[in-house]
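# Sequence plus predicted model, see below.
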Amino acid sequence: MENEYEHCSREELLQIIEKQNVRIDVLTQMVKRQTDILQKWSDNIIELLGSIVEYRDLESGEHIARVKTYTRIIGKEVKDRYPEYGLTDQDLHIIVATSPLHDIGKIAIPDDIILKPGKLTEEEFDYMKSHTISGSEILEMVKDAWPEEYQRYAMEISHFHHERFDGNGYPEGFEGEQIPISAQIVSLADVYDALVHERVYKDAIPRDRAYRMILHGECGTFNPKIIKCFEACREEMEKY
């Protein structure tokens, strides 16, 4: 088959290449614009879902914002310090963006439990723990509304953020690296914020004490790698 370019001069070939490069640049910009639009759309869906939780729990609005901040701080340290997890800047963006959905399942918990100003009974606590499973079920309903990677991270975080590295968490009792790294990061961010800020059922704990409690395993066992990142980020996290 005859090559359509074999009779072209060098100058003509260069002009053809230049035109192709322009077309590629235009297509690349179009893809980037579409990607940006899709990312913005996904972020907006998350904000909407996060607002649903906020309406159920008067503390959740500020809690959600702080968890996003702590997730970004810890997540960046994990990405930079432990490349074996393979986290990219885009992965970190999505983990931070989906972190507000960690408690989305709480919309299925009755008000008399979620807003109880005191310690839950064993039966109430078992009911409360079901929010991890309810969260997965809720997110499954909207899986076609955003890109697959948003769905994956949102599901991981919602379902596994109460797992603990020693296997004593819930709902699956996963241990070690069975727990997705996204859920491990958000879990520590969530626990730290819960400790240092007032809740309907507890007073705020001084940051020094909260820091020691997490390091000494008083809030459950965390991945030693995540703990190292937490130690490295302490000063920055204490600004919020």
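That came in fine, so what should we check first?

# Mind jotting down where the helices sit in the protein?
Counting by DSSP state H, the chain has helices at residues 10-56, 60-81, 89-98, 111-114, 122-129, 131-141, 148-160, 181-196, 207-215, 224-237.

# Ok, which of the ones you listed comes nearest Phe174?
Closest approach to Phe174 among the helices of the chain (Cβ to Cβ): helix 148-160, 6.6 Å. All C-beta spots, glycine's among them, are computed from the backbone N, C-alpha and C.

# still on that earlier bit, would you mind saying which of the helices of the chain lies nearest Pro171?
helix 131-141 (4.8 Å).

# Output the contacting helices and strands for that closest one.
Secondary-structure packing of helix 131-141 (3 or more Cβ pairs under 8 Å, 6 or more residues apart in numbering; DSSP states H and E): helix 148-160.

# again, only this time at 10 Å
If you count contacts as 3 or more Cβ pairs under 10 Å, 6 or more residues apart in numbering; DSSP states H and E, helix 131-141 packs onto helix 10-56, helix 148-160.

# Now the last one: average pLDDT?
What it means is helix 148-160. Summarised as a single mean, pLDDT over helix 148-160 is 94.

# hang on, the earlier thing: ok, and which of the helices of the chain has the densest surroundings?
helix 181-196 (a mean of 25; mean count of other Cβ atoms under 10 Å).

# list the helices and strands that one packs on?
helix 60-81, helix 89-98, helix 148-160, helix 207-215, helix 224-237.

# Serialize those to TSV and add fields for distance to Ile114.
Conversion of the helices and strands packed on helix 181-196 to TSV gives the following (distance: least, Cβ to Cβ, whole Å):
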stretch	distance to Ile114
helix 60-81	10
helix 89-98	21
helix 148-160	16
helix 207-215	23
helix 224-237	26
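
# and of those, who's closest to Pro117?
Among the helices and strands packed on helix 181-196, if distance is taken as Cβ to Cβ, the winner is helix 60-81, at 15.8 Å.

# Just the C-alpha atoms of the closest one, please, in CSV.
Extracted C-alpha coordinates of helix 60-81, given in CSV (Å, rounded to 0.1, in the frame of the first residue of the first chain):
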residue,chain,number,x,y,z
SER,A,60,-20.7,17.5,61.8
GLY,A,61,-20.3,20.6,59.7
GLU,A,62,-17.1,21.8,61.5
HIS,A,63,-16.1,18.2,62.1
ILE,A,64,-16.2,17.4,58.4
ALA,A,65,-14.1,20.4,57.5
ARG,A,66,-11.5,19.6,60.0
VAL,A,67,-11.3,15.9,59.0
LYS,A,68,-10.7,17.0,55.5
THR,A,69,-7.9,19.2,56.6
TYR,A,70,-6.3,16.5,58.8
THR,A,71,-6.7,13.9,56.1
ARG,A,72,-4.9,16.2,53.6
ILE,A,73,-2.0,16.8,56.1
ILE,A,74,-1.6,13.1,57.1
GLY,A,75,-2.2,11.9,53.6
LYS,A,76,0.5,14.1,52.1
GLU,A,77,3.0,12.8,54.6
VAL,A,78,2.0,9.2,53.9
LYS,A,79,2.3,9.8,50.1
ASP,A,80,5.8,11.4,50.5
ARG,A,81,7.2,9.1,53.2
